[in-house]
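1. Have a look at this fold, sequence not included:
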């Protein structure tokens, strides 16, 4: 099946911004997608919109590769640990450069930018997942545990993304200590 | 005392890259510093060198504002908590945009870049501090505790820097749980 111009632009933008950052030019994005600038501006109002749409488009795979399926029969503790096992596995890939959502927010330095706002909403899904599982697992302070797990998640992707860490032997014990402390057995 | 061209370039680069990112152009840096491009290239081989020199120049204030003075009479636990109290206080400032070293590494996406390598070395000082205090405090696994504290540090600066967190009520309990678990009382 032939992909549409829109799909190719989203794919090229996802690939190039992850590799090179949000400052990749419109010319390079259009060239990589095989789409004219005229067509691009018919599909997206601006590069900012293209960037935000690219992040939104990646929400489903982001959720699917990190979060466990709903009601998979495992305990809240196991379901939370699943996220960090997935992260550790993803961080081991040579092309891993951290979390695209965190990177976009750090690079844009403008939390009102449509792409920053899209990134913020997508990352909030992860914190919501942690909070729901923390509640189901009887955490003594589910809100605090969700914030702690989000902190560990972003610290892990940031440090692995810049090759300051390889995460092996680090994530599971750290998350384990926080779950124990919160009473999620 | 009149500042030198070199000092003004380092100051302008520190300010502008922290606000706007590493892609700020040489023209903008020279203009903000009031230095000609010719002079800049007499002082620094390239923009990459200027960027790396700026990060190195900031090492002393980075260490001084985060780490406690040597042998200040406090316990290892208190000295480690001091770093996170300082971080929480810095993160409360309106101009706070996270850790300039982490940001540079995420933005450049090239860990062989001289500025990435400078950033890496400077951040390693923080992990070394954690490790030394963990050892002094009798941590059951000082290496693991130092990695955990570095993870929490980078997660905290990243999330506070993109306004996903305000850190209040989060950092002290998280670090406390990790110190307790490591046996650092």
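-> Nice, I can see it. Since this is a predicted model, take the numbers as computed values, not measurements.

2. Pull the residues that contact the helix or strand bottoming out on mean pLDDT in chain A.
-> Least confident helix or strand of chain A, by mean pLDDT, DSSP states H and E, is helix A:59-66 with a mean of 93. For helix A:59-66, the surrounding residues in contact (C-beta atoms under 8 Å, 6 or more residues apart in numbering or on different chains) are A:83, A:86-87, A:90, A:101, A:122, A:125-126. Every C-beta, even on glycine, is put in place using the N, C-alpha and C of the backbone.

3. Which pair of these spans the longest distance?
-> A:90 and A:125 (16.7 Å; C-beta to C-beta).

4. can I get the contacts of helix A:59-66 in JSON lines with distance to chain B and neighbour count?
-> As requested, these are arranged in JSON lines below (distance: C-beta to the nearest C-beta, whole Å; neighbours: other C-beta atoms under 10 Å in any protein chain shown):
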{"residue": "A:83", "distance to chain B": "14", "neighbour count": "21"}
{"residue": "A:86", "distance to chain B": "17", "neighbour count": "15"}
{"residue": "A:87", "distance to chain B": "12", "neighbour count": "22"}
{"residue": "A:90", "distance to chain B": "16", "neighbour count": "16"}
{"residue": "A:101", "distance to chain B": "9", "neighbour count": "25"}
{"residue": "A:122", "distance to chain B": "11", "neighbour count": "19"}
{"residue": "A:125", "distance to chain B": "12", "neighbour count": "14"}
{"residue": "A:126", "distance to chain B": "10", "neighbour count": "21"}
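
5. Any chance of the residues you listed in CSV with distance to residue B:65, secondary structure and pLDDT as columns?
-> Below are the contacts of helix A:59-66 laid out as CSV (distance: C-beta to C-beta, whole Å; DSSP: H, G, I helix; E, B strand; the rest coil; pLDDT from 0 to 100):
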residue, distance to residue B:65, secondary structure, pLDDT
A:83, 34, helix, 98
A:86, 36, helix, 97
A:87, 31, helix, 97
A:90, 34, helix, 96
A:101, 29, helix, 97
A:122, 33, helix, 96
A:125, 35, helix, 96
A:126, 31, helix, 97
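
6. Now the residue in chain A positioned nearest to chain B: which helix or strand?
-> Using C-beta to the nearest C-beta, the single residue of chain A nearest to chain B is residue A:155, 2.7 Å away. Element membership of residue A:155 [criterion: DSSP states H and E] is helix A:142-161.

7. could you give the angle of that helix to helix B:142-161?
-> Taking axes from the mean of the first three to the mean of the last three C-alpha atoms, to 10 degrees, helix A:142-161 and helix B:142-161 form an angle of 100 degrees between their directions.

8. where does helix A:142-161 sit relative to the chain's centre, distance-wise?
-> On the basis of C-alpha atoms, centre = their mean, to the nearest Å, helix A:142-161 sits 12 Å off its chain's mean C-alpha point.

9. What of stretch A:104-114?
-> Relative to the mean C-alpha coordinate of its chain, stretch A:104-114 is positioned 15 Å out (C-alpha atoms, centre = their mean).

10. quick check, it touching chain B?
-> Yes: Stretch A:104-114 reaches chain B (C-beta under 8 Å from any C-beta of the partner chain) through A:105-107, A:109, A:111.

11. Can you name the two of those residues that sit furthest apart?
-> A:107 and A:111, at 12.0 Å, using C-beta to C-beta across the residues of stretch A:104-114 next to chain B.

12. Which of the two has more residues huddled nearby?
-> Between residue A:107 and residue A:111, counting by other C-beta atoms under 10 Å in any protein chain shown, residue A:107 is the more crowded of the two (22 against 15).

13. any idea how far that one is from residue B:108?
-> 10 Å (C-beta to C-beta, to the nearest Å).

14. Show me the helices in chain A, by range?
-> A:5-20, A:26-33, A:37-43, A:47-57, A:59-66, A:76-91, A:100-108, A:114-136, A:142-161, A:171-182 (DSSP state H).

15. Which one, of these, ends up nearest to residue B:70?
-> Among those, the nearest to residue B:70 by C-beta to C-beta is helix A:142-161 (26.2 Å).

16. Does anything pack onto that closest one? Which helices or strands?
-> helix A:76-91, helix A:100-108, helix A:114-136, helix A:171-182, helix B:100-108, helix B:142-161, helix B:171-182 (3 or more C-beta pairs under 8 Å, 6 or more residues apart in numbering or on different chains; DSSP states H and E).

17. Distance to residue A:46 added to the ones you listed, as CSV?
-> What follows is the helices and strands packed on helix A:142-161, written out as CSV (distance: least, C-beta to C-beta, whole Å):
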stretch, distance to residue A:46
helix A:76-91, 31
helix A:100-108, 14
helix A:114-136, 9
helix A:171-182, 38
helix B:100-108, 21
helix B:142-161, 25
helix B:171-182, 38
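
18. Ok, which of these comes nearest residue A:57?
-> Closest to residue A:57 of the helices and strands packed on helix A:142-161, according to C-beta to C-beta: helix A:114-136, at 9.7 Å.

19. low-scoring pLDDT stretches of chain A, where are they?
-> For chain A, applying pLDDT under 70 flags the ranges A:1.

20. the domain parsing of it - what is it?
-> Domain assignment for chain A, taken from automatic domain parsing, gives A:5-46, A:59-182.

21. ranking those by burial, who's on top?
-> Mean neighbours per residue, mean count of other C-beta atoms under 10 Å in any protein chain shown, is largest over these for domain A:59-182, with a mean of 19.

22. Start and end of that one, how far apart?
-> 29 Å (C-alpha to C-alpha, to the nearest Å).

23. Quick one: distance of it to the chain centre.
-> Computed by C-alpha atoms, centre = their mean, the chain-centroid distance of domain A:59-182 equals 8 Å.

24. Dihedrals phi and psi, residue A:25?
-> Per-residue torsions, residue A:25: phi -80, psi 160 (degrees, to the nearest 10).
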